[in-house]
Each structure stands twice: as C-alpha cells, then as structure tokens.
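1. Predicted coordinates and the sequence they were generated for:
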Amino acid sequence: MQGLPLCAHAENSAIELMAVQSPPMAMENETERGAVLELVMAATERAGLATKVTFIPWRRAQEMVTGGKDLLITPLTWLPSRAERFTWIAPVCRMERAIASLKHRIDSLEQARSDRRILVVGAGSAQEQQLRDWGYPGDLIVTTPLGTRETEMLASGRVDGWYSGTQQIRWRWQREGRTEALIIGTPITVDQIHLGCSRDCDPTLVATLRSALQSLRDDGSSDRILAKYALSY
C-alpha cells in the first residue's frame with residue numbers, strides 16, 4: 001500500500017507469526033481466525049508480507065520469539081514483567097479481564113485471596129503472569145494449557161473461579177455449549193493486546209507493520225474486524 005515503508009522481508013521467505021488458540025482473539029481455523037489474528041493477517045497482507053502462522057504452547061512461543069530474530073507474536077498483552085522481552089509493534093485491541101464463577105461472585109483479587117478461592121488460568125497467559133506478579137498465592141493458582149480445559153475445570157467444580165478476558169470467557173462458555181449461569185465479577189483490569197516481535201527485530205519490519213495497522217484503523221477496517229468478535233480498540 002502506498003505510504004508504507006519498504007520491507008526487505010517482502011522479497012524474502014515468509015515471516016513467522018507465533019499464535020495460541022485463544023478464542024475469540026486467535027483460533028486455528030481458516031474460516032474463523034479470531035479478531036486479533038484476522039487483524040494482524042490483514043496488516044501483513046496490506047504490508048505485502050507473506051506470513052506463516054504457527055500455533056504452539058504459549059510459554060514455548062514466548063521463549064522462541066524472545067530469543068529469536070524477526071519472529072512475530074500475537075495476541076500478546078503488554079505487562080511490566082514482559083516489557084524488555086519483546087519489541088512492541090502496536091496495540092491491536094483492548095481486553096477486559098475478570099473472574100468468572102458459578103457460586104460466588106468474585107469482584108477483586110483481595111476478595112479471592114481472603115476467601116481462599118482457587119483460580120484457573122491458561123499456562124503462560126497474561127492472566128497467570130498477572131496473578132504471580134501481584135502476589136496471588138501460588139497454591140491457589142491452577143494452570144492448564146491456554147484455550148483448552150478452563151471451562152471444564154470451572155464447570156466441574158475443580159476450581160472456584162476462572163480469571164481471563166471477559167469476552168474470552170463468554171465466547172468459550174457459549175461455544176462449548178455450557179448451560180450453567182456464569183457469574184462474572186467486576187473487571188480486575190483492562191489491558192492492551194499487542195502485535196509483538198523478537199527483541200532483535202528489523203526496525204523497518206516494525207515500522208512497516210505499525211503503519212499497516214494504523215492504516216487499517218484509519219479506514220475503519222480494524223473496527224469492522226474487531227466488532228465481529230465483540231471487541232474494540
């Protein structure tokens with residue numbers, strides 16, 4: 001697209017993008033990719049970049065990208081403890097995070113800690129990192145591969161709550177056919193989801209993708225993509 005920086009990767013092999021099964025932000029589904037992945041793929045296409053998407057466990061994805069070169073990663077939440085590990089290309093959308101339960105409304109981590117509530121989070125997720133950074137007791141944190149068994153563990157009563165993105169919780173609960181009434185507490189935090197890259201990342205690649213994402217916002221494409229999944233910038 002006219003106005004975007006020229007990027008050497010456009011003439012070379014496909015750039016790698018690491019993702020994780022995290023509905024409705026990213027899904028390993030060609031017909032329904034999820035809000036963030038769909039938006040990032042639109043940006044790489046607009047920038048003239050061929051992209052290879054790889055879904056792998058989230059902890060391993062982050063380690064590979066941090067120690068690699070010119071590897072993209074999304075959906076990635078900016079956190080203080082992650083700040084120096086990645087090159088942060090641009091925010092893509094906002095994510096409200098809360099605790100969902102079936103018996104007791106949980107409106108804060110202070111309440112959850114006081115009541116000794118066991119919370120499930122996706123392994124390697126921003127939610128896990130936040131709980132640990134905020135000093136939530138380790139014996140009250142249960143992890144499972146991100147995007148796999150969180151709904152099952154909450155429904156079965158193995159945990160007291162599920163800490164995740166509010167829209168993620170609602171999306172998966174509905175898509176997996178759960179009929180129990182969810183109790184979703186007051187938002188714990190609202191964060192920005194980013195497109196990230198390795199610490200060692202070509203500045204021209206960063207500028208190219210940053211410009212492509214901005215152009216998608218400027219012409220309304222970003223809002224249209226996010227709205228399909230009930231998300232916003």
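-> Structure received. Numbering: from 1, shown residues only.
2. Run a quick neighbour tally on the closest residue to Ala35 other than its chain neighbours.
-> Of all residues not flanking Ala35 in the chain, Tyr229 sits nearest, at 3.8 Å (C-beta to C-beta, 6 or more residues apart in numbering). Any C-beta I mention is one placed from the backbone N, CA and C, and that applies to glycine too. With neighbours defined by other C-beta atoms under 10 Å, the count for Tyr229 comes to 21.
3. I'd guessed Tyr229 sits against Gln167; true?
-> Yes: shown here, Tyr229 and Gln167 form a contact pair, counting by C-beta atoms under 8 Å, at 7.3 Å.
4. anything in contact with each of these two?
-> Pro24 (C-beta atoms under 8 Å, 6 or more residues apart in numbering).
5. now the residue sitting nearest the centre point of the chain: how far from Arg158?
-> Central residue of the chain (C-alpha atoms, centre = their mean): Pro75, 3.4 Å from the mean position. Separation of Pro75 from Arg158 (C-beta to C-beta, to the nearest Å) stands at 26 Å.
6. Also Trp58?
-> 21 Å.
7. Of these two, give the one with the bigger neighbour count.
-> Neighbour count, other C-beta under 10 Å: between Trp58 and Arg158, Trp58 has more, with 25 against 13.
8. quick one: contacts for the more buried one?
-> Counted by C-beta under 8 Å, 6+ apart, Trp58 has contacts Val20, Gly122, Ala123, Gly124, Ser125, Pro145, Leu146.
9. export those residues to CSV and tack on neighbour count?
-> Converted to CSV, those look like this (neighbours: other C-beta atoms under 10 Å):
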residue, neighbour count
Val20, 28
Gly122, 26
Ala123, 15
Gly124, 19
Ser125, 27
Pro145, 16
Leu146, 23
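10. Looking at the residues you listed, which one is closest to Cys197?
-> Val20 (16.0 Å; C-beta to C-beta).
11. Met27 versus the closest residue to the closest one other than its chain neighbours, what's the distance?
-> Nearest residue to Val20, sequence neighbours excluded (C-beta to C-beta, 6+ apart): Trp58, at 4.4 Å. Using C-beta to C-beta, we find Trp58 at a distance of 14 Å from Met27.
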